[in-house]
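> generate a structure from the sequence data that follows.
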Amino acid sequence: MKKIVVLPFLILLLGIVLTACGTAEQSSGENKTSSSTPQVLEEKAEFIGMADAHTVEVKKVNTTLSYELTDNFKDVLNEFKPGDKVEISYFINDNGQKEIQKIEKQK
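A predicted model of the protein is given here:
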């Protein structure tokens, strides 16, 4: 009699475990899809300078912000001097870093 009661319980438990695994894979797949189309954000700030070979620092209301650069922008940065007002379009990459799409002086 005990075997008859235990067998359906084990089948039910196995079904729950397998269902949860399938849901986790589907959820992580949805996250990858949403991060493949990053949202572009904009920021107006004061240019400070280069923090290192691939990072720009700007100041906004007593806060220093850092943005990652690609090779496309290294020549453009020669136009900027500390204190210049800039407008930056950026997105947050897969590493959680702010990556510049466009940077230009404000007029």
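> count the neighbours of Ser89 for me.
By the criterion of other C-beta atoms under 10 Å, Ser89 has 13 neighbours. In this view, the C-beta of every residue, glycine as well, is placed from N, C-alpha and C.
> what strand or helix carries it?
Element membership of Ser89, judged by DSSP states H and E, is strand 85-92.
> paired strands for that strand, with orientation please.
For strand 85-92, the paired strands and their directions (DSSP bridges) are strand 41-52 (antiparallel), strand 98-105 (antiparallel).
> quick one: the helices in the protein?
Taking DSSP state H, the helices of the chain run over residues 2-35.
> still on that earlier bit, buried residues in the strand holding Ser89?
86, 88, 90 (16 or more other C-beta atoms under 10 Å).
> ok, so of the residues you listed, who is nearest Gln39?
Gln39 has its nearest neighbour among the buried residues of strand 85-92 in Tyr90, at 10.0 Å by C-beta to C-beta.
> check contacts around the closest one.
Applying C-beta atoms under 8 Å, 6 or more residues apart in numbering to Tyr90 gives the contacts 40-43, 67, 98-101.
> off-centre distance for the strand holding Ser89?
14 Å (C-alpha atoms, centre = their mean, to the nearest Å).
> tabulate the CA atom coordinates of it in CSV.
Extracted as CSV, the C-alpha positions of strand 85-92 are listed here (Å, rounded to 0.1, in the frame of the first residue of the first chain):
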residue,chain,number,x,y,z
LYS,A,85,29.7,71.7,-21.8
VAL,A,86,28.9,68.4,-23.6
GLU,A,87,25.9,66.4,-24.5
ILE,A,88,26.4,62.6,-24.4
SER,A,89,24.2,59.9,-25.9
TYR,A,90,25.0,56.5,-24.4
PHE,A,91,23.6,53.1,-23.5
ILE,A,92,24.4,50.6,-20.8
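> now it: average pLDDT?
Averaged over strand 85-92, pLDDT sits at 93.
> related to what we said a few turns ago, any chance of the buried residues of strand 85-92 in a markdown table, plus distance to Thr55?
Below are the buried residues of strand 85-92 laid out as a markdown table (distance: C-beta to C-beta, whole Å):
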| residue | distance to Thr55 |
| --- | --- |
| Val86 | 15 |
| Ile88 | 13 |
| Tyr90 | 12 |
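> since that was my last question, I'll sign off now.
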